[in-house]
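Generate coordinates for the sequence data below:
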Amino acid sequence: MADLPSLVSHIRESAPLPGVALLSYRAHVKDIVTLMGSFLGGKNFSKNPMLADLTVAMLEEGTKHRSREAIREALSAMGATIAFTCGGDRVGFRATFLREHAPEVIEILAEQLQKPKCDAKILATVKEREIGSLKLAHDDTRYRAEERLSQILYPKEHPNFETSTKDKISAVAAINQQAVRDFHRSWGRGAFLMAAVGAISHEELAALVEKNFSTWRSSILLPKGTPPANRSDKKIREIITVEDKASVDFMMGAPIGINCLHPDFFALYLGLQVLGGGGFNNRLTQSVRERKGLTYHVRAGLGGMDDCVDGHWYAYGSFAPAILSRGERVMEDEIKKFVSYGVTAAELAMKKESIAGSYIISLSTTGGFAGRILSFAEEGRPLTHINEFPEIIKKLTLTEVNRAIGTYLYPKYAVSVAAGSVK
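Below is the predicted model:
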């Protein structure tokens, strides 16, 4: 693809229908198109923590006009795919197809979103499948550690609070056909975003969106506020015993009280990448894995910041049960040193280059570029942010990064949770 300024200057924007924003880039790739989108209707809009998930799952189980098998056969014949996701505030979708099949694929996508069949027998099967997945999750040590960490860091009303698997299973059992139908009726146009990249014109896409979504009602949903996170002036440590596990998953973290739009976000993000970001060139990997040989899996970062919600910092490690205490101690000592002394100029320069390079590479595919456009639109950022992100990272100073680390990381009062074959 072209350089960043050229990419952004060629992104087209329009509102083909009230409550629908379409953004597209016509890429010089042969035939391929990726269309991604989202709208309000996720987990945060229901008192039942599993209703949104099940409603989204039903989108793939057939429509009022086509069976699940008929949809799969049609997509397979075209070499196309459609998938749905359920987040906190938003329901998402992704479709990949050849340009010649755009009319058929968008017609199927619109039909799935607007006219799911919601058959009682199919719902029963989906519920059974979901309960099976939850039972597996209950036996997953990392899942259990992350689940419990969220429950300590956030109040129950907060979107980052993770309902226990036991309560989720009960919630799934309580869902009936009418509940799914009623929740689906809350969806519609309004805060509906679409981003497309590929071998198709904006005008053709806009016409297809207008044709296929013109009868979709207006959504009754509005973004919701969130309560503050739980803050503690003392250290909290919990153990979750999960029998017959070869390793223990250890999580620690604390709320930071800011979201991804805060002026300090990028400096803190960059600092945590130095502490425990991807790859081997970070503090925790070098200390806990390379020098001490305690684990293959250790990292740190920011979490709980979807939908522009105030989040938390976290650090994660996986250890053999016999060396859990030592692993915890080494991680905590490294984080305390990190907060006390900050990052070095060499570490900062290396991580800046890595982040900028990974970002540019992520824009090299139709899916990667469409995903970036959509995520920035969901956050309410201008499209120019696609150009500006690498420069924002490059311009951050050592002083700014170390000030953010000292302001938001408090390992002394961090919450710690270990899950595995320990007592």
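
hey, let's count contacts and neighbours off CA atoms from now on
Will do.

so Glu290, which of the three states?
At Glu290 the chain is in helix, as set by DSSP: H, G, I helix; E, B strand; the rest coil.

for Arg217, phi and psi?
Main-chain dihedrals, Arg217, degrees, to the nearest 10: phi -70, psi 170.

how many other residues sit next to it?
Neighbour count for Arg217, taken as other Cα atoms under 10 Å: 15.

How about Ala246?
Neighbourhood size, Ala246 [other Cα under 10 Å]: 10.

Equivalent analysis for Gln114, please.
For Gln114, using other Cα under 10 Å, the count is 21.

cool, and the one 4 residues further on?
Residues contacting Cys118 under the criterion other Cα under 10 Å number 21.

That one belongs to a strand, doesn't it?
No. Using three-state DSSP, the assignment for Cys118 is coil, not a strand.

so how far is Lys47 from it?
20 Å (Cα to Cα, to the nearest Å).

for Leu54, same thing?
Separation of Leu54 from Lys47 (Cα to Cα): 13 Å.

So Ala80 sits against Phe97, correct?
Yes. With contact defined as Cα atoms under 8 Å, Ala80 reaches Phe97; the gap is 4.5 Å.

Helices of the stretch 51-200 of the chain, start to end?
Applying DSSP state H, counting those that start in this stretch to the stretch 51-200 of the chain gives helices spanning 51-58, 68-78, 102-114, 120-138, 141-153, 165-174, 177-184.

Could you point out which of the ones you listed sits nearest Val197?
Nearest of those to Val197, taken as Cα to Cα: helix 102-114 at 12.4 Å.

what packs against the closest one?
Under the contact definition 3 or more Cα pairs under 8 Å, 6 or more residues apart in numbering; DSSP states H and E, helix 102-114 sits against strand 90-98, helix 202-213.

residues in contact with it?
By Cα atoms under 8 Å, 6 or more residues apart in numbering, the residues outside helix 102-114 that reach it are 59-60, 62-63, 71, 75, 80, 82, 95, 97, 208-209, 212-213, 216.

any idea which of the helices and strands packed on helix 102-114 is most buried?
For the helices and strands packed on helix 102-114, average neighbour numbers computed from mean count of other Cα atoms under 10 Å are highest in strand 90-98, which has a mean of 21.

Break this structure down into its structural domains.
Per automatic domain parsing, the structural domains of the chain span 4-213, 236-420.

From the centre of this structure, give me the residue that's furthest out.
Ala322 (33.4 Å; Cα atoms, centre = their mean).

Assumed that one was part of a helix.
Yes. Under three-state DSSP, Ala322 sits within a helix.

on that earlier part again, for the domains of the chain, give me TSV that also has distance to Ala229 and mean pLDDT.
Shown next, in TSV, are the domains of the chain (distance: least, Cα to Cα, whole Å; pLDDT from 0 to 100):
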stretch	distance to Ala229	mean pLDDT
domain 4-213	5	97
domain 236-420	6	95
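
Mind putting those into a markdown table with distance to Asn230?
Converted to a markdown table, the domains of the chain look like this (distance: least, Cα to Cα, whole Å):
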| stretch | distance to Asn230 |
| --- | --- |
| domain 4-213 | 5 |
| domain 236-420 | 8 |
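
Of all those domains, which one comes closest to Pro223?
Counting by Cα to Cα, Pro223 lies closest to domain 4-213 out of the domains of the chain; the figure is 7.2 Å.

can you give me the end-to-end distance of that closest one?
Terminal residues of domain 4-213 are spaced 32 Å apart (Cα to Cα).

got the CA coordinates for stretch 225-242 in PDB?
C-alpha atoms of stretch 225-242 as PDB (Å, rounded to 0.1, in the frame of the first residue of the first chain):
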ATOM      1  CA  GLY A 225     -21.600   5.700  31.700                       C
ATOM      2  CA  THR A 226     -19.400   3.600  34.000                       C
ATOM      3  CA  PRO A 227     -18.700   3.700  37.700                       C
ATOM      4  CA  PRO A 228     -15.200   4.200  39.000                       C
ATOM      5  CA  ALA A 229     -12.900   1.200  39.600                       C
ATOM      6  CA  ASN A 230     -12.300  -0.200  43.100                       C
ATOM      7  CA  ARG A 231      -9.200   1.300  44.700                       C
ATOM      8  CA  SER A 232      -7.400  -0.100  47.700                       C
ATOM      9  CA  ASP A 233      -4.700   1.300  50.000                       C
ATOM     10  CA  LYS A 234      -3.400  -2.200  50.800                       C
ATOM     11  CA  LYS A 235      -2.000  -5.100  48.900                       C
ATOM     12  CA  ILE A 236      -4.400  -7.900  48.000                       C
ATOM     13  CA  ARG A 237      -3.400 -11.500  47.100                       C
ATOM     14  CA  GLU A 238      -5.700 -14.400  46.400                       C
ATOM     15  CA  ILE A 239      -5.200 -18.000  45.400                       C
ATOM     16  CA  ILE A 240      -7.600 -20.000  43.300                       C
ATOM     17  CA  THR A 241      -7.000 -23.800  43.500                       C
ATOM     18  CA  VAL A 242      -7.600 -25.700  40.200                       C
END
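
for it, the distance to its chain's centre please.
Taking Cα atoms, centre = their mean, to the nearest Å, one finds the center of stretch 225-242 at 21 Å from the center of the full chain.

thinking again about what came up before, out of the contacts of helix 102-114, who's nearest Asp182?
Proximity of the contacts of helix 102-114 to Asp182 (Cα to Cα) peaks at Leu59, which lies at 14.3 Å.

burial of that closest one, as a residue count?
Using other Cα under 10 Å, Leu59 has 22 neighbouring residues.

was I right about it contacting Pro116?
Yes. Using Cα under 8 Å, Leu59 is in contact with Pro116, at 5.5 Å.
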